[in-house]
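Chemist: I would like to see how this sequence folds:
(one chain, ligands or ions: 1)
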Amino acid sequence: MTAFRSGFACFVGRPNAGKSTLTNALVGEKVAITSSRPQTTRHVIRGLVTTADAQLILVDTPGLHRPRTLLGERLNDLVRTTWAEVDAIGVCLPADQRIGPGDRYIVGQLAKVRRTPMVAIATKSDTVSPDRLLEHLAAIGALADELGVTWRHVVPVSAVSGYQVEHLRDLLVAELPEGMPLYPEGQLTDEPEETLVAEVIREAALEGVRDELPHSIAVVIEEMVAREDRPEDRPLVDVRANIFVERESQKGIVIGRKGARLRQIGSDSRSQIERILGTPVYLDLHVKVAKDWQRDPKQLRRLGF
Ligand SMILES: Nc1nc2c(ncn2[C@@H]2O[C@H](COP(=O)(O)OP(=O)(O)OP(=O)(O)O)[C@@H](O)[C@H]2O)c(=O)[nH]1
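Modeler: I've put the predicted structure just below:
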C-alpha cells in the first residue's frame with residue numbers, strides 16, 4: 001500500500017505563461033477557487049487536487065518583480081519565503097515563446113532557493129511542432145545549467161489538450177511528504193480556518209480511542225492569534241483549544257497516563273495545523289467536561305453544532 005501524501009506546490013512563470021490554465025486543468029471540473037485567507041496565512045489557495053492517495057494543494061505566490069523600491073524587495077522576500085515553504089515548485093516556460101529575460105530573471109531568483117524541488121514545465125506544448133518543442137526542452141535544460149538550478153524533471157504539457165497533465169500531477173505528488181489530507185472531503189471549503197484546525201485536533205484526539213469515545217469529543221478553538229512582538233520573518237500563531245468530553249472518565253482517556261496522550265495529540269495536530277496556517281504554531285490544549293453536551297441544545301450551540 002502506498003502512503004497517503006499531502007502538501008503544497010506553486011506555479012511560477014512570467015505573465016501569460018499558462019499558470020492559471022494549468023491550475024484549472026489539474027483541479028479538473030472544480031474551478032480553481034481563490035479563497036481569501038486570514039492574515040495569519042501567507043498562502044492563497046488556488047486549487048485542490050485530491051486523488052485516492054494524495055492531496056496536492058496549489059498555492060499562489062505574488063508575482064516576482066524586478067525590485068525598484070524597498071516595498072518591491074519586501075514583496076520578493078515574501079515570494080522567496082513561499083518558495084522555500086512549499087513542497088514543490090512548477091516552473092512554467094511556455095513553448096510558444098523563446099526563453100527570454102523575464103524567464104531568466106525568475107529562474108535566477110529560483111536558484112537562490114536551494115531545497116525545494118523544481119519541475120520545469122513546457123506549457124502550451126500543443127502550439128508548436130515536435131521539432132520546435134524539442135528545441136524548447138533543450139533550451140530549458142541549458143537554462144538550468146546556466147543559472148545553477150536543478151530540474152527534477154522537464155515535462156511538456158498542454159493544459160488545453162490535457163497532454164501530460166496527469167503525469168505532471170503525479171510528478172508533483174511524488175515530492176509531497178507523507179501525511180493525511182489537510183482539507184476535508186477533497187473539496188476546498190470556505191470554512192473558516194478555525195473549523196479546519198478544530199477538525200485536525202479532533203481527529204488526533206480520536207486516534208486509537210475511537211471505540212471508547214465514539215462521538216463524545218468536540219473541539220472548540222478559543223483563540224487563534226498571531227503573537228505580537230515577533231520579527232516579521234518569524235511569525236508565531238497561538239492556538240488555544242478546548243477538547244470537550246462528556247464524562248470525567250473520558251477526560252482520563254484523552255489525557256492519558258501522566259498526560260502522555262494529550263501531549264501526543266498536541267504534537268500530532270500541531271504539525272498539521274502549521275501546514276494549514278503556513279506558520280509555526282504554539283498549541284495550548286485543555287480537556288474539559290461538558291456533561292451530556294450532545295443532549296443539551298445550549299451546549300451544542302456553544303460547541304458549534
Ligand atoms: N494553446 C494553449 N493555450 C494555452 C495553454 N495554457 C494557457 N493557454 C493560453 O495562454 C494564455 C495565458 O494563460 P494563463 O493561464 O492566463 O497564464 P498565466 O500564467 O496564469 O497568466 P498571468 O495570470 O498573467 O500570470 C491564455 O490565453 C490561455 O488560454 C495551453 O496549454 N495551450
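Chemist: per-residue confidence averaged over stretch 27-35?
Modeler: In this model, stretch 27-35 carries a mean pLDDT of 46.
Chemist: typo on my end, stretch 55-64
Modeler: For stretch 55-64, the mean confidence score works out to 76.
Chemist: thought T81 was touching D233?
Modeler: Yes. Assessed by CB atoms under 8 Å, T81 is found in contact with D233 at 7.2 Å. From N, CA and C alone the C-beta is placed, and that goes for glycine too.
Chemist: between these two, who's got more neighbours?
Modeler: Neighbours per residue, other CB atoms under 10 Å: of T81 and D233, the larger number sits with T81, 14 against 8.
Chemist: Distance check, the more buried one against T116.
Modeler: 11 Å (CB to CB, to the nearest Å).
Chemist: Which residue ranges make up each domain of the protein?
Modeler: 5-174, 191-302 (automatic domain parsing).
Chemist: pLDDT below threshold where in this structure?
Modeler: Scanning the chain for pLDDT under 70 picks out the ranges 1, 28-46, 61-75, 78, 183-192, 214-215, 292-305.
Chemist: Now do the strands in it.
Modeler: 5-12, 44-51, 54-60, 88-92, 118-122, 151-156, 218-226, 237-245, 281-289 (DSSP state E).
Chemist: Please save the CA atoms from the first one in PDB.
Modeler: Once side chains and other backbone atoms are set aside, the C-alpha atoms of strand 5-12 remain, and they are given as PDB (Å, rounded to 0.1, in the frame of the first residue of the first chain):
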ATOM      1  CA  ARG A   5       0.800  12.200   0.700                       C
ATOM      2  CA  SER A   6      -0.300  15.700   1.100                       C
ATOM      3  CA  GLY A   7       1.300  19.100   0.700                       C
ATOM      4  CA  PHE A   8       1.800  22.300  -1.300                       C
ATOM      5  CA  ALA A   9       3.000  23.300  -4.700                       C
ATOM      6  CA  CYS A  10       3.100  26.500  -6.600                       C
ATOM      7  CA  PHE A  11       3.500  27.500 -10.200                       C
ATOM      8  CA  VAL A  12       5.800  30.300 -11.200                       C
END
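Chemist: now check it, is it near the ligand?
Modeler: No. Applying CB under 6 Å from any ligand atom, one finds strand 5-12 separated from the ligand by no less than 7.6 Å.
Chemist: neighbouring contacts of that strand?
Modeler: 19, 22-23, 43, 53-61, 64, 82-83, 85-92, 106, 110, 121, 172-182, 275 (CB atoms under 8 Å, 6 or more residues apart in numbering).
Chemist: Out of these, which end up buried?
Modeler: By the neighbour-count criterion of 16 or more other CB atoms under 10 Å, these include these buried positions: 19, 22-23, 43, 54-61, 64, 82-83, 85-92, 106, 110, 121, 172-173, 175-176, 179, 181-182, 275.
Chemist: need the residues of the stretch 101-250 of the chain near the ligand, please.
Modeler: 123-124, 126-127, 158-160.
Chemist: go again using 8 Å as the cut-off
Modeler: Contacts of the stretch 101-250 of the chain with the ligand, taken as CB under 8 Å from any ligand atom, map to 123-127, 157-161.
Chemist: Of the residues you listed - the most surrounded one?
Modeler: T123 leads these on contacts (other CB under 10 Å) with 29 neighbours.
Chemist: Just give the nearest non-adjacent residue to it, would you?
Modeler: Nearest residue to T123 in three dimensions, chain neighbours excluded: G18, at 3.7 Å (CB to CB, 6 or more residues apart in numbering).
Chemist: Report how many residues lie close to the one you found.
Modeler: G18, neighbours per other CB under 10 Å, totals 25.
Chemist: That one and D96, how far apart?
Modeler: 9 Å.
Chemist: any shared contact partners between the two?
Modeler: Shared contacts of G18 and D96, defined by CB under 8 Å, 6+ apart, are found at K124.
Chemist: Am I right that N16 is in contact with P94?
Modeler: Yes. Contact criterion CB under 8 Å: N16 and P94 qualify, at 7.2 Å.
Chemist: was I right about the residue nearest to T123 contacting D126?
Modeler: No. Assessed by CB under 8 Å, G18 is found out of contact with D126, at 10.7 Å.
Chemist: Please enumerate the helices of the stretch 201-305 of the chain.
Modeler: 248-255, 260-277, 297-302 (DSSP state H, counting those that start in this stretch).
Chemist: Now render those as a markdown table, adding distance to G141.
Modeler: Converted to a markdown table, those look like this (distance: least, CB to CB, whole Å):
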| stretch | distance to G141 |
| --- | --- |
| helix 248-255 | 55 |
| helix 260-277 | 33 |
| helix 297-302 | 60 |
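Chemist: quick one, which of those helices is nearest to E228?
Modeler: helix 260-277 (16.6 Å; CB to CB).
Chemist: So what touches the closest one?
Modeler: 7-8, 40-41, 179-180, 182, 193, 196-197, 200-201, 203-205, 207, 209, 237, 239, 243, 253-256, 280-281, 283, 285, 287.
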